[in-house]
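S.K.: Sharing a model prediction with you, sequence too.
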Amino acid sequence: MTSTWGVGQYVDRTGHRVAWEVSHDEIRRDTDGATTRLEAIGVEPGRRVLWCSMLSEAAQFWPYIIATMVRGAQLSCADATRGEAVRVAMFTRQMTYHAVLGVNGALLDGLDDLGRRYGDVFHEVSVLGARPDAHDRLVAAGLRPTHFVLAGPAVAIGDEPGAPARVDPTEWELHDIDNLVAVTNLAERASHFDRTATAIHARQITSDTFAPNSS
Amino acid sequence: MSGPPVESVFYDAEYETMPRDRLADLQLELLLDTIAFTYERSPLIRELWRKARITPADVRTLDDFREKVPFISKDAVRQFRDERADPYGGLLCLPPAELTAIMSTSGTTGDPTLVAEKWGGISVGRPSIMYRDFWGMGVRPGDHFSLFLFTFRGPTYGFVQSLGAVPVLFDYDLDEIERLLRLSIEYAPTAMYNFGGTMILATDQIAARAGIDPREAFASYRGIVWAGEPLGARARGLAREWGMSLFEHSSVGDVTASFECSAHDGMHVWEDTVLVEGIDPDAVDHRDAATVTDDDARCELVATALTNRVAPLVRYRSDDIVRITRTPCPCGRTHARIRTVGRKGDEVVVAGRSVLPVDVWSAIDSIDACRLGLFQIIRPARELDELRLRVGYQDTAQSRLSTLADEIAAAVTAEVGVTPAVELVPNAELLRLGPPHKIPRVAAR
């Protein structure tokens, strides 16, 4: 088997997508980290998680999808697009989800198109993981979202609503470059990151946490 | 099973080329197992069978099956789901807690329905769909493989990795086309899944703007799979010009999927995993459903899962009009092949003339402003006095719209012999109807 798991992408400081080669070893390590993060937000056997993502983001999301199974929970998937709002609304209508993670502005636009109130769609969701372009809209609707951020190649999730977004501290070190989140990989990876600035505007808090600005 | 030798044409030669009499024996064995399994566990199937006054003991042969077993429709699944508050529509054969994932159907024809999955599986079959198809197209360990897809079906990249190939991942989005072209030149992938007509048509302009030669970008591909919607004449012409080796792909009644092989003479259905039947599309139920046995005759596709042990569909009436052939394929495989004609629910009859979306497709996408081929047939009822079309356009001034509508009407009239009333809307308005870039081709109003 080739050592390369796949070629995904991350968004750089200019907003462009950069091809990102990822190894199987990285995916294995990231799955361990993801399992810890999901445990911290209450993903347990018998619970469900709905992942809202795009295929090009699979290198970031796949470890979390595997970790959902490792935690004994069940998963569902929807694209993070305007047209997929109908699918997200269908899932939360049919079943109870402990967490819906990766909600973005496009999905909220789609719910607006459908005339669906965010509070009705997500009212039974305990952990509503919102990307920066969705976070404040959900707060304005009276919900309590948790930060969910793709900081370039690194996934950052808040411990609770309002808490800063946290990356895996064994894999990533964060830096502030012109109020942008920058990342350095701490363990060997197929692609090297050295203070690589991402498109995420934020206030850095510690070497593994930041408070994203809304966008 | 471990992978085949790289020089092998087939991924699973024994099963792909199995003589049809052996295949029939295998199907009957799997079918009898399946119906006993589902009858014990699926509330919907048990209810339907009880109404039909049969049990698995009444089914000993394929003829028994065809005569006695009731159909399942998507509406029946939705009705069971809504009336019984069962999110799985009465199909689930496992305790819900044993599921790994709950995915969903595309939702092109209405509310998406749930697809229950148990990964790491309890399928009783051998690797088939995708593995056999892409191996046949020439994908080998170490190759790069472009996935241009959505995520709602789940992590499709797993099968690419199981073949020993490396997925290069793209969103199913027009905005990803330039990146796809650039990375195709860089990584030289050998296959792509899934790049349909809308994407091919959009590539023409995007490549020109980016200064990329599509022939160079697509040169490494041995197979590019398209699906979901018919391919119009304009898209086929571009694909030919760019040297794209296209392979059609289609679902098989929500049970499995089918792909063209190198012979490009229909899409193979892996019959060791699914039993396909063709019936008279006008049949009311199983009691009056004449089996269409003539080779390549137009019929409605009915599918039964043979190896699924999570939520198998038994005699699922697909609403898809197809042609089925069971004659040996020039590629050497023995399994049936289907050709899609259209969806029964998409057909309108105007002044006694049947019109399906595929019939007007090429007329519409032959016009520059409508080259993405985005349109809907307005279908308040099956029988209509007038053909009404809602057509997407681009790059056209408001003052030109009336002329554009006349051009479309003339092209459609020439193609199908029915003059339509044309409503024009910007492409973006139709694209919003998703799933992305695969819009519903009929609308009630």
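M.R.: Noted; the coordinates are in hand. Numbering: from 1, shown residues only, chains lettered A, B, ... in the order given.

S.K.: Around chain B, pick out the residues from chain A.
M.R.: Residues of chain A found near chain B (C-beta under 8 Å from any C-beta of the partner chain) are A:1-2, A:4-9, A:17, A:19, A:46, A:48, A:51, A:53-56, A:58-59, A:62, A:65, A:69, A:74-79, A:81-84, A:86-87, A:90-91, A:94-95, A:113. Placement of C-beta: from N, CA and C, glycine included.

S.K.: 7 Å - rerun?
M.R.: Neighbours of chain B within chain A, by C-beta under 7 Å from any C-beta of the partner chain: A:1-2, A:4, A:6-8, A:17, A:19, A:46, A:53-56, A:58, A:62, A:65, A:69, A:74-79, A:81-84, A:86-87, A:90, A:94-95.

S.K.: Which residues of chain B lie near chain A?
M.R.: B:87, B:97, B:99-104, B:107, B:111-112, B:114, B:119, B:142, B:147, B:149-152, B:154-155, B:157, B:164, B:166-171, B:176, B:179, B:183, B:187, B:432, B:434-436.

S.K.: And these, which of them are buried?
M.R.: B:87, B:99-104, B:107, B:111-112, B:114, B:147, B:149-152, B:154-155, B:157, B:166-171, B:176, B:179, B:183, B:187, B:434-436 (16 or more other C-beta atoms under 10 Å in any protein chain shown).

S.K.: where does chain B dip in pLDDT?
M.R.: B:1, B:108-109, B:121-123, B:434-437 (pLDDT under 70).

S.K.: let me fix that: chain A
M.R.: Checking chain A against pLDDT under 70 turns up A:1, A:215.

S.K.: So which of the buried ones among the residues of chain B next to chain A sit within helices?
M.R.: Among those, DSSP state H puts B:157, B:179, B:183, B:187 in helices.

S.K.: Which strand or helix spans B:Val322?
M.R.: strand B:316-325 (DSSP states H and E).

S.K.: hmm, I was thinking of A:Ala59
M.R.: Per DSSP H and E: helix A:58-70 holds A:Ala59.

S.K.: Against which helices or strands is the following helix or strand past that helix packed?
M.R.: Sequence-wise, the next helix or strand downstream of helix A:58-70 (DSSP H and E) is strand A:74-79. Using 3 or more C-beta pairs under 7 Å, 6 or more residues apart in numbering or on different chains; DSSP states H and E as the contact test, the elements touching strand A:74-79 are strand A:48-53, helix A:85-94, strand B:101-104.

S.K.: okay, the angle between the longest one and strand A:74-79?
M.R.: Put simply, helix A:85-94 runs at 160 degrees to strand A:74-79, going by axes from the mean of the first three to the mean of the last three C-alpha atoms, to 10 degrees.

S.K.: Extract the CA atoms of the helix or strand just after helix A:85-94 and return them as CSV.
M.R.: Once the chain leaves helix A:85-94, the next helix or strand it forms, by DSSP H and E, is strand A:99-103. Extracted as CSV, the C-alpha positions of strand A:99-103 are listed here (Å, rounded to 0.1, in the frame of the first residue of the first chain):
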residue,chain,number,x,y,z
ALA,A,99,-23.6,17.0,17.8
VAL,A,100,-23.8,18.7,14.4
LEU,A,101,-20.3,19.8,13.5
GLY,A,102,-19.1,22.0,10.6
VAL,A,103,-22.2,24.2,10.1
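
S.K.: Direction included, what does strand A:99-103 pair against?
M.R.: Counting by DSSP bridges, the strands paired with strand A:99-103 are strand A:48-53 (parallel), strand A:127-130 (parallel).

S.K.: Buried residues, the first one. List them.
M.R.: By that I understand strand A:48-53. A:48-53.

S.K.: how about B:Arg179, what does it touch?
M.R.: Shown in contact with B:Arg179 (C-beta atoms under 7 Å, 6 or more residues apart in numbering or on different chains): A:17, B:170.

S.K.: And A:His192, by the same measure?
M.R.: A:His192 touches A:Asn185, counting by C-beta under 7 Å, 6+ apart.

S.K.: How much space separates it from A:Phe61?
M.R.: Noted for A:His192: a distance of 22 Å to A:Phe61, by C-beta to C-beta, to the nearest Å.

S.K.: Look at B:Arg234 and give its secondary structure.
M.R.: Of the three states, B:Arg234 takes helix according to DSSP: H, G, I helix; E, B strand; the rest coil.

S.K.: wait, isn't it in contact with B:Ile364?
M.R.: No. With contact defined as C-beta atoms under 7 Å, B:Arg234 does not count as touching B:Ile364 (9.7 Å).

S.K.: Looking at the two, which has the bigger crowd around it?
M.R.: Taking other C-beta atoms under 10 Å in any protein chain shown, B:Arg234 and B:Ile364 do not tie; B:Ile364 has more neighbours (26 against 23).

S.K.: nearest residue to B:Ile200 other than its sequence neighbours?
M.R.: B:Ala235 (4.4 Å; C-beta to C-beta, 6 or more residues apart in numbering or on different chains).

S.K.: which residues touch that neighbour?
M.R.: Neighbour list for B:Ala235: B:197, B:200-201 [criterion: C-beta under 7 Å, 6+ apart].

S.K.: ok, of those, which come out buried?
M.R.: B:197, B:200-201.

S.K.: could you dump the residues you listed to a markdown table with secondary structure?
M.R.: Converted to a markdown table, the buried ones among the contacts of B:Ala235 look like this (three-state DSSP):
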| residue | secondary structure |
| --- | --- |
| B:Gly197 | helix |
| B:Ile200 | helix |
| B:Leu201 | helix |
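
S.K.: and of those residues, the nearest to chain A?
M.R.: B:Gly197 (18.0 Å; C-beta to the nearest C-beta).

S.K.: Surely the closest one touches B:Ala233?
M.R.: No. Using C-beta under 7 Å, B:Gly197 makes no contact with B:Ala233, being 10.0 Å away.

S.K.: For the closest residue to B:Pro420 other than its chain neighbours, which residues are in contact?
M.R.: For B:Pro420, ignoring the flanking residues on the chain, the nearest one in space by C-beta to C-beta, 6+ apart is B:Leu387 at 4.2 Å. Contacts for B:Leu387 (C-beta under 7 Å, 6+ apart) come out as B:348, B:350, B:355, B:418, B:420.

S.K.: Just want the phi and psi numbers for the fourth one.
M.R.: As for B:Val418, its main-chain torsions (degrees, to the nearest 10) stand at phi -130, psi 130.

S.K.: I figured it was touching B:Val350, is that so?
M.R.: Yes. Contact between B:Val418 and B:Val350 holds when scored by C-beta under 7 Å: they sit 5.0 Å apart.

S.K.: Could you export the strands paired with strand A:99-103 to CSV, including columns for distance to B:Pro5?
M.R.: Listed next are the strands paired with strand A:99-103 as CSV, based on distance: least, C-beta to C-beta, whole Å:
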stretch, distance to B:Pro5
strand A:48-53, 37
strand A:127-130, 46
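
S.K.: nearest to B:Phe247, of these?
M.R.: Closest to B:Phe247 of these, according to C-beta to C-beta: strand A:48-53, at 27.1 Å.

S.K.: between the closest one and helix A:58-70, how many degrees?
M.R.: Using the same axes, to 10 degrees: strand A:48-53 against helix A:58-70 is 180 degrees.

S.K.: Give me the distance from strand A:48-53 to the chain's centre.
M.R.: Centroid displacement of strand A:48-53 relative to its chain, using C-alpha atoms, centre = their mean, to the nearest Å, is 10 Å.
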